[in-house]
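Q: test case, fold it:
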Amino acid sequence: MKAIVNYATDPDSVEIRDIPEPKPGPDDVIMEVDTVSVCGSDLHQWKGGHSWPVNYPVVLGHEFAGRIVELGKQVIEFEMGDRVTSETAAVIDPQNPLTKEGNYQLDPNRKGFGYGVDGAMTRFVKVPVRCLHHVPEELPLKIAAVTEPCCVAYNAVIENGSVKPGDRVLVLGPGPIGILCGLMAKVGGAAEVAISGLPSDKARLSIAKDLGLIPLTEGIIEWAKKSDGTGVNLAVDAAGVSVTLRTAIDAVRPGGRIAKVGWGPQPIDFSLDPLVQKNISLFGSFSHNRPMWEAVLRLLTSKRLDPAPILTETWKLSNWRDAFEAMHNGEIVKAQLNPQNLN
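A: The predicted structure is shown next:
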């Protein structure tokens, strides 16, 4: 079968290859992928700019939903034809203390789809049954295929960020995670949510505005302090570069919170003394676990969280490069692929 394979660390080391169809182990299922979304991490691996180990060659794709077409011998919780979506932690150590406490996403031995094991940018993918979640009939599979980035936003803003009704929130970076963090802040009751970007982010900021977020390309600190002069309650760094973290520190009120969810391998180039002086809580936010997935699926099904406006187009698997380019260039927010449509 055809698959989009990342085969080396060099830039542009991604191509369509023929790979064998997977076979399930006793506790696995085989999912026929209906929709797989493109993540920024897929683009980083395509461009050779990632900062995490990759098990080359590997099939890309970790945001996906589809239907079960084959069951492992010990699988009893699911049936053939079930509509499902999958978490990303494909391999975990069941004996790790973090796994035992329910935070398996933080297991240092964890291997995820799309970098540690083969992902879902192909027609069939093998998935451990513990990763699966039922998708309600009323929830379209293309929406279920973005449960994962919605969970990243949920963890950053609701779980770690502790957003409260009435809070003012600033999101730095209008990529998919940034926009979803902005939407999640609104779900959490934030009174005002702004999202900042560059003039070149015009298309994405326009979509963010349509979703009720306040788009900013300048005057970020002025907006942050316009309420009472002290700054926002929560800043979310969804870009991952030094300048956005520094802006977050300047924009947040004393005693406020900064969620760093954006990746960036470069070292910071400024002093962290203002962090101390303002008594700011700075924390990283990574991945998600099962309770978060169940909460987000309920939000998606009820449409309290509606990411549909960021899903503007679905490409054939053979046109993956067009999808990657459109997303990388900022023409769209989120690209999706249909692996069943090969030509």
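
Q: got any ranges where this structure has weak pLDDT?
A: Within the chain, the stretches with pLDDT under 70 are 341-343.

Q: quick check, central residue of it?
A: residue 149 (2.7 Å; CA atoms, centre = their mean).

Q: SS state for it?
A: Under DSSP: H, G, I helix; E, B strand; the rest coil, the three-state class of residue 149 is helix.

Q: quick one: it and residue 39 touch, right?
A: Yes - using CB atoms under 8 Å, residue 149 makes contact with residue 39 at a distance of 6.8 Å. Heads up, the C-betas are built off the backbone N, CA and C, glycines and all.

Q: residues that sit against both of those two, list them.
A: 63, 176 (CB atoms under 8 Å, 6 or more residues apart in numbering).

Q: enumerate every residue touching residue 100.
A: residue 94.

Q: list the backbone torsions phi and psi for it.
A: phi -60, psi -30 (degrees, to the nearest 10).

Q: same check, this time on residue 73
A: Dihedral angles phi and psi of residue 73 (degrees, to the nearest 10) take the values phi -60, psi -30.

Q: tell me the contacts of residue 154?
A: Residue 154 makes contact with 184, 288, 292, 295, 296, 299, according to CB under 8 Å, 6+ apart.

Q: SS state for it?
A: Secondary structure assignment for residue 154 (three-state DSSP): helix.

Q: list the contacts for the residue nearest to the centre of the chain?
A: Neighbour list for residue 149: 37, 39, 63, 176, 177, 180, 334 [criterion: CB under 8 Å, 6+ apart].

Q: for residue 280, same thing?
A: Going by CB under 8 Å, 6+ apart, residue 280 touches 249, 252, 254, 255, 256, 257, 258, 274.

Q: on that earlier part again, quick check: the farthest pair among the contacts of residue 154?
A: Farthest-apart pair in these is 288 and 299; separation 13.1 Å (CB to CB).

Q: of those two, which one has the most company?
A: Neighbour totals were compared for residue 288 and residue 299, and residue 288 leads with 26 against 19 (other CB atoms under 10 Å).

Q: so what does the more buried one look like in phi/psi?
A: Dihedral pair for residue 288: phi -180, psi 170, per degrees, to the nearest 10.

Q: and it, how close does it get to residue 311?
A: Residue 288 sits 20 Å away from residue 311, going by CB to CB, to the nearest Å.

Q: likewise for residue 322?
A: Between residue 322 and residue 311 the distance is 16 Å, computed by CB to CB.

Q: okay, these two: which has more neighbours?
A: Taking other CB under 10 Å, residue 322 and residue 311 do not tie; residue 311 has more neighbours (20 against 13).

Q: you'd agree the more buried one is up against residue 143?
A: Yes - assessed by CB under 8 Å, residue 311 is found in contact with residue 143 at 7.5 Å.
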